[in-house]
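Undergrad: How does the following fold in three dimensions:
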Amino acid sequence: MNDLPIASEAVHWSEDVAAIYAEIAEEDRRLAQLMWSGIKETWPEEESGMATVETQLLTAEEFYEWANRPENRGRVCELERGRIVEMSRPGKMHGMICANVAILRNYVIQRKKGYVCSNDTGVIVGRNPDTVRGPDVLLFEDAESVEQVEEKYGETPPVLAVEVLSLNDTYGKVRQRVLELFAFGTRLVWVLDPDADYVIVHYSGGQDRVAQKSEELTGNEILPDFRCRVAEFFTLPGKTS
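TA: Numbering: from 1, shown residues only. Have a look, this model is predicted:
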């Protein structure tokens, strides 16, 4: 996996996307204390089989083992450069929007190619130190049968990753996650904003655009023949508004 771009090689968003992220950044400053209260770093308790933060950062494999222990299964965590980060559980609206994005499953059924993962499926987006992210929805094309789907965290990049913004998302977090996904090999990232009812579409080649609620969203050449109204993500199933 490639390293993330350094500061001098930072991705340049288009003007409309940059303006949106600038608004997020301003909100970050105003609500910084509230946002950070929902996210905290946690570490495994001292255990003979698991290194502590003072001695060693965790690998993705160690994190998987830790996260699937009975006492940890109810926690919402990611691994960020070897460190466990615990996050607040998203709300009901967030979950509804993620379920609406599962319209992608109809798309892969029609194409008879690929599969969709939800529930914050873990993917290893970086190594040495390891980073494991859990995007809200992922579309993969790396398996021809269920036996070929990885049981643990994914090590092959998805074609599409979808992130639905939450109250505790900051500009730096959103931008970092997009860059990590592209460095991992993801070709397309959609960032859905429930407050503004639009989708920020990022392409790995550096292009980006904003698809408003009234517009149609397509997959271009990356997801051939995929199209839906942006409004379908933000409304009750079968409703128009």
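
Undergrad: List the buried residues in stretch 57-64.
TA: Of all the residues in stretch 57-64, those buried under the rule 16 or more other C-beta atoms under 10 Å are 57-60, 62-64. (C-beta placed from N, C-alpha, C; glycine too.)

Undergrad: same question, stretch 129-143
TA: So for stretch 129-143, counting by 16+ other C-beta under 10 Å, buried means 130-141.

Undergrad: now do stretch 174-193
TA: Across stretch 174-193, burial judged by 16+ other C-beta under 10 Å covers 174-175, 177-184, 186-193.

Undergrad: can you check stretch 204-224 too?
TA: For stretch 204-224, the buried set under the neighbour-count rule, 16+ other C-beta under 10 Å, comprises 204, 208, 210-211, 213, 217, 219, 223.

Undergrad: and V108, helix, strand or coil?
TA: Of the three states, V108 takes helix according to DSSP: H, G, I helix; E, B strand; the rest coil.

Undergrad: show me the contacts for it.
TA: Applying C-beta atoms under 8 Å, 6 or more residues apart in numbering to V108 gives the contacts 114-116, 139.

Undergrad: And the strands in the protein, which stretches?
TA: Here the chain has its strands, by DSSP state E, at 39-41, 77-80, 83-87, 115-117, 123-126, 131-133, 137-140, 160-164, 188-193, 198-203, 208-211, 216-219, 223-229.

Undergrad: hang on, the earlier thing: out of the buried residues of stretch 204-224, which two sit at the greatest distance?
TA: Pairwise distances across those peak at 25.0 Å for S204 and K213 (criterion: C-beta to C-beta).

Undergrad: rewinding a little: just give me the lowest mean pLDDT stretch among the strands of the chain.
TA: Looking over the strands of the chain, mean pLDDT reaches its minimum on strand 39-41, with a mean of 40.

Undergrad: Just the mean pLDDT for stretch 98-106, thanks.
TA: Across stretch 98-106, pLDDT averages out at 94.

Undergrad: So what does the residue nearest the centre of the chain look like in phi/psi?
TA: Using C-alpha atoms, centre = their mean, the residue of the chain that lies closest to the mean C-alpha position is P135, 2.5 Å off. Torsion angles at P135 (phi, psi; degrees, to the nearest 10) stand at phi -60, psi 160.

Undergrad: mind checking how far D208 is from L160?
TA: 14 Å (C-beta to C-beta, to the nearest Å).

Undergrad: How about N220?
TA: In this view, N220 and L160 are 11 Å apart by C-beta to C-beta.

Undergrad: Check Q148 too.
TA: Distance, Q148 to L160, using C-beta to C-beta: 19 Å.

Undergrad: cool, and L217?
TA: From L217 to L160 the distance is 11 Å (C-beta to C-beta).

Undergrad: Does the residue nearest to the centre of the chain touch V162 like I think?
TA: Yes. P135 lies in contact with V162 (C-beta atoms under 8 Å); the separation is 6.3 Å.
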